[in-house]
Structure formats: structure tokens, C-alpha cells
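Visitor: Fold the following for me, if possible:
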Amino acid sequence: MILEMKVPSPGESIKEVEIATWLVKDGDYVEKDQAIAEVDSDKATLELPAEASGIITLKAEEGDAVAVGAVVCLIDTAAAKPTGSASEAAPAAPVAEAPKAAATAPVVVAPAATYASGTPSPAARKILDEKNIDSSSVSGTGKDGRITKDDAVNATPSMGTPTGGSRGSERTKLSMLRRKVAERLVAAKNETAMLTTFNEVNMTPINLIRNQYKDEFKAKHGGVGLGYMSFFTKAVTRALKLYPDVNSMMDGDYKIAYDFCDISIAVSGPKGLMVPVVRNAENLTFRGVEADIKRLAIRARDGQITVDDMTGGTFTITNGGVFGSMLSTPIINPPQSGILGMHNIIERPIAVNGKVEIHPMMYVALSYDHRIIDGRESVGFLVAVKEALENPMELLLDNNPKKAFEL
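Guide: Numbering: from 1, shown residues only. Here you go, the predicted model:
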């Protein structure tokens, strides 16, 4: 029996996926539920499991875009599982037949120059001539070192470097996810009236709290750490309640306002930027925020993030500081209207009560859509975030950190 495997739907709005990687080869025997491919959608990378055991026949190439519901492979479920190695299973070739065939068959030997190393194929020669590139400067990857069409396409004129250093380059297709991210970022720049306002935060109060309670917090909550993201998330949800326009979106001639805070957290994954969502963050405790962020980050790192994990979100937080960024203007994650950028923490001299003191300082940036958020709201929002982070004991912990950290 031949089973047709079709592309499952990764999400309601997704009509097409791309074959990122085949994890098996054509003709392999696969087991039921074995991962046979990784497929990219515009929101996530998902594994495709075999629906039955048998011999697989691939019907799509890596990089092919295929519609949801299209057949990508066939599985012969009646085929027996091979035993032993390939060399044991294959019958021995008749040794005596080869010389006989060679003796009777006419042998045609092409001129040596035609297949000499560095000789371009006709198609490659045409491309090299159009580029005005000498074939002797191109390394061939074809049989016996021949220059193939791909070698010619990827060849670049020599720049005459006196050092003789490497001038190699590699041309690879972007994943569907990366292409979608690029498309959304360009759209955000072109379709929103984006502005950025800045402020700075004295991180001393948060550092004092973390130093006092982080070990107890981690021990009590099964290895979940007390990081900066929970403080920033709680500060953001507080500020969104004070300035609800920052928690709203444009929809044509209408504004959609939300009474909940679904916070998108930008994380770097193996397939590029991922923005999973912490749902109803306004109702979560510090432990709840940290546990959810940890769970989503692990799923993104392991390539297990789903479309549902990244769907929605009313506001985004991105932390370029983990990579050493001092200051940046983050790009809005459409259709949202605001994004908060965190940056690295550097000890700097500041004035405190008329005296110069050294404190760990962080620059923060709010990029916002000026079509829906005015300057008063944007500046007020960022000041509210700053106030909560510089006075977390009162504004975020109700002067009772042990109670706040319990659940």
C-alpha cells in the first residue's frame, strides 16, 4: 500500500510552507512518527513526522515551496524493513562480466583538453565571458575540476588584493521565516509614523533586590531564576495600564484597544529572530513571568516554537543588551504600536542629591507609532517604566518582596 503524505496546516492563516531540510534520503526505510523533514512557514519551523513505517519516496526538493495539503512524499507501507548492512543485502556483482563488457564495448575517449581541470562548460564559458572573468581565476567544482554553470554564476572579478587573502563568498537562500521577518520590518518602516524616545534607568535598586533574593527565589521555584525580564515585564504592564494608547493598534480608520497585556519577548533562535508571547502578563507573578519566558526561550532554541506561541501580542520587549548594545532604535513589531528596547548595563557617574556617584545605568528606548500614540503618552509611558524600575519595592512589589515572589 502506498501512503501519500501531505503537508499539514501549521496554522489557520498559513497556505504555503517551504521544505527546509530533508532528514532522510529517497529510498530510506522510515519508522512511524520518525521526523523526516523540517518545514518552514512564515512564523515557525516545524518537524514533519512519518505517518507510517515503510520505504519513502521524496516528491519535493529542499527549498521548494509547497502548498498546505500538497503531497511531499510517498511511503510504501508494504515494504519490508531491510536487515543487515547495504553491502550484505546487495547481491555480489559478477566479477567476470565487467572485463567482458569492457572488451566488447566500443571505448570513446574525449580529447583531454575538454575535461581538463579548470575548463569551463559551454554555459559557464558564456557567463564568464559576459562577466569578463578569466576562467583561470575560477576554481571548478565539477568532475575533474571542470567549471560548472554554478561556479560561473558565483564567480566575482578579482580585486587584485596584494595580500593574496581569501575572496570567497557564499550565496544561500533565506528561510521563509527570515524572509517574512524582513518583509514585516520593511513594512513597519514604510507604513508607520515611527519615532523613538529615550531615557535611562538606574539599576541599583533592582540589583540590590536580586542580590538579596535570587538564591532563595531559584531554590524555591525549581531552578527558575530571578532575572531582569520579570522586572521589565511587570514595569511595562503597569505603564500600559496608565497609558492604554500604547497598548492599542491601528486597524484602518479604527483603533483597537486591549484591556489585557500580551507581551511579545524577542529572542534569538537558530532560525533567526523569534517573538513568542507571554499571555496576560499583567496577571502573572514574577515567578510566572520568568517561568514562561524560560519555557518559550527553550522552545525557540530547540526549534520547537509553534505558530500559536508567536501569534498575537499587544506590546514587545527586546533586549539588545545581552549582545552588548549600548543604544538602539528598535523597530515596531506590526501591527503593534510600541516596542521597548533594553540595553547593556554600564557603571557611569551620575548626580545623586548633588553628589557624583557611580551607578549601573541602562539606556532604554521606546519606538512607537505616532499615528496612534502622541508624544505625551510615549514620554509618559517611558517615564512610568523608569519610575517602576527605580522604585521596584514600592511600585512592583508592594513593599513585600517575599509575598510577591511566593507564587
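Visitor: Neighbouring strands - and their directions - for the longest strand out of those in the chain?
Guide: Across the chain, the longest stretch assigned as strand under DSSP state E is strand 355-369. With DSSP bridges as the test, strand 355-369 is paired with strand 194-202 (antiparallel), strand 338-342 (antiparallel), strand 345-352 (antiparallel).
Visitor: For the shortest one, which outside residues touch it?
Guide: Spelled out, it's strand 338-342. Residues outside strand 338-342 that contact it (C-beta atoms under 8 Å, 6 or more residues apart in numbering) are 228, 232, 236, 246-247, 315-321, 328-333, 362, 364-369, 373, 378, 381-382, 385. C-beta here means a position set from N, CA and C on the backbone, and glycine is covered the same way.
Visitor: Nearest the middle, which residue of the protein would you pick?
Guide: Geometric centre of the chain, nearest residue: Gly272, 2.2 Å, by C-alpha atoms, centre = their mean.
Visitor: got a list of what that residue touches?
Guide: By C-beta under 8 Å, 6+ apart, the neighbours of Gly272 are Ser175, Leu177, Arg178, Val181.
Visitor: Okay, buried residues for the one helix or strand the second one maps to please.
Guide: If you go by DSSP states H and E, Leu177 is part of helix 176-191. Within helix 176-191, the residues that qualify as buried are Met176, Leu177, Lys180, Val181, Arg184, Ala188, counting by 16 or more other C-beta atoms under 10 Å.
Visitor: got the angle between that helix and strand 355-369?
Guide: 90 degrees (axes from the mean of the first three to the mean of the last three C-alpha atoms, to 10 degrees).
Visitor: How far does helix 176-191 sit from its chain's centre?
Guide: Computed by C-alpha atoms, centre = their mean, to the nearest Å, the chain-centroid distance of helix 176-191 equals 13 Å.
Visitor: Could you do stretch 211-231 as well?
Guide: Taking C-alpha atoms, centre = their mean, the mean C-alpha location of stretch 211-231 is offset from the chain mean by 27 Å.
Visitor: So, low pLDDT: which residues of the stretch 251-400 of the chain?
Guide: Where the stretch 251-400 of the chain drops to pLDDT under 70, the residues are 271.
Visitor: can I assume Ala235 is in contact with Asn391?
Guide: No. Assessed by C-beta atoms under 8 Å, Ala235 is found out of contact with Asn391, at 10.1 Å.
Visitor: Compare neighbour counts for those two and give me the winner.
Guide: More crowded of Ala235 and Asn391, by other C-beta atoms under 10 Å: Ala235, with 25 against 12.
Visitor: Tell me who's in contact with the more buried one.
Guide: Applying C-beta under 8 Å, 6+ apart, the residues contacting Ala235 are Ala384, Val385, Ala388, Leu389, Pro392, Leu395, Leu396.
Visitor: among the contacts of Gly272, which two are most distant?
Guide: The span of these, defined through C-beta to C-beta, is set by Ser175 and Val181 at 9.3 Å.
Visitor: where along the stretch 51-200 of the chain do the helices fall?
Guide: Counting by DSSP state H, counting those that start in this stretch, the stretch 51-200 of the chain has these helices, from start to end: 86-89, 97-104, 122-131, 149-154, 176-191.
Visitor: For Glu16, find the nearest of these.
Guide: Glu16 lies closest to helix 176-191 among those, at 8.2 Å (C-beta to C-beta).
Visitor: In this structure Ala281 contacts Met229, no?
Guide: No. Judged on C-beta under 8 Å, Ala281 makes no contact with Met229 at a distance of 10.5 Å.
Visitor: Settle it for me: which of those two has more neighbours?
Guide: Neighbour count, other C-beta under 10 Å: between Ala281 and Met229, Ala281 has more, with 25 against 22.
Visitor: For Gly69, see how far away the more buried one is.
Guide: Going from Ala281 to Gly69 by C-beta to C-beta, to the nearest Å gives 36 Å.
Visitor: Ignoring the adjacent residues along the chain, who's closest to Thr148?
Guide: Leaving aside its sequence neighbours, Thr148 sits nearest to Gly142 (C-beta to C-beta, 6 or more residues apart in numbering; 4.3 Å).
Visitor: who's in contact with Ile372?
Guide: Listed by C-beta under 8 Å, 6+ apart, the contact set of Ile372 reads Asp245, Ser248, Met249, Met250, Lys255, Ser337.
Visitor: ugh, typo on my part, it should be Arg125
Guide: Ser135, Ala152.
Visitor: That one and Gly140: what is the separation?
Guide: Using C-beta to C-beta, Arg125 is found at 12 Å from Gly140.
Visitor: if we can go back for a sec, by contact count, what packs against the helix holding Leu177?
Guide: Helix 176-191 sits against strand 16-22, strand 272-274, with contacts defined as 3 or more C-beta pairs under 8 Å, 6 or more residues apart in numbering; DSSP states H and E.
Visitor: joint contacts of Ala281 and Met229?
Guide: Residues touching both Ala281 and Met229 by C-beta under 8 Å, 6+ apart: Val289.
Visitor: Let me know how buried Pro349 is, in neighbour terms.
Guide: By other C-beta under 10 Å, 10 other residues sit near Pro349.
Visitor: Mind listing the residues bridging to the residue lying closest to it once chain neighbours are set aside?
Guide: What sits nearest to Pro349 in space, not counting adjacent residues and going by C-beta to C-beta, 6+ apart, is Val356, at 5.1 Å. As for beta bridges, Val356 partners with Ala351 under DSSP bridges.
Visitor: My guess is Val356 contacts Arg348. True?
Guide: No. Look at Val356 against Arg348 with C-beta under 8 Å: they stay out of range, at 10.3 Å.
Visitor: between the two, who's got more neighbours?
Guide: With neighbours defined as other C-beta under 10 Å, Val356 and Arg348 compare such that Arg348 has more, 13 against 8.
Visitor: what about the closest residue to Ala35 other than its chain neighbours, which SS state?
Guide: Nearest residue to Ala35, sequence neighbours excluded (C-beta to C-beta, 6+ apart): Glu47, at 4.5 Å. Here Glu47 is recorded as strand under DSSP: H, G, I helix; E, B strand; the rest coil.
Visitor: list the contacts for Glu47?
Guide: Counted by C-beta under 8 Å, 6+ apart, Glu47 has contacts Ala35, Ala37, Glu38, Val39, Gly303.
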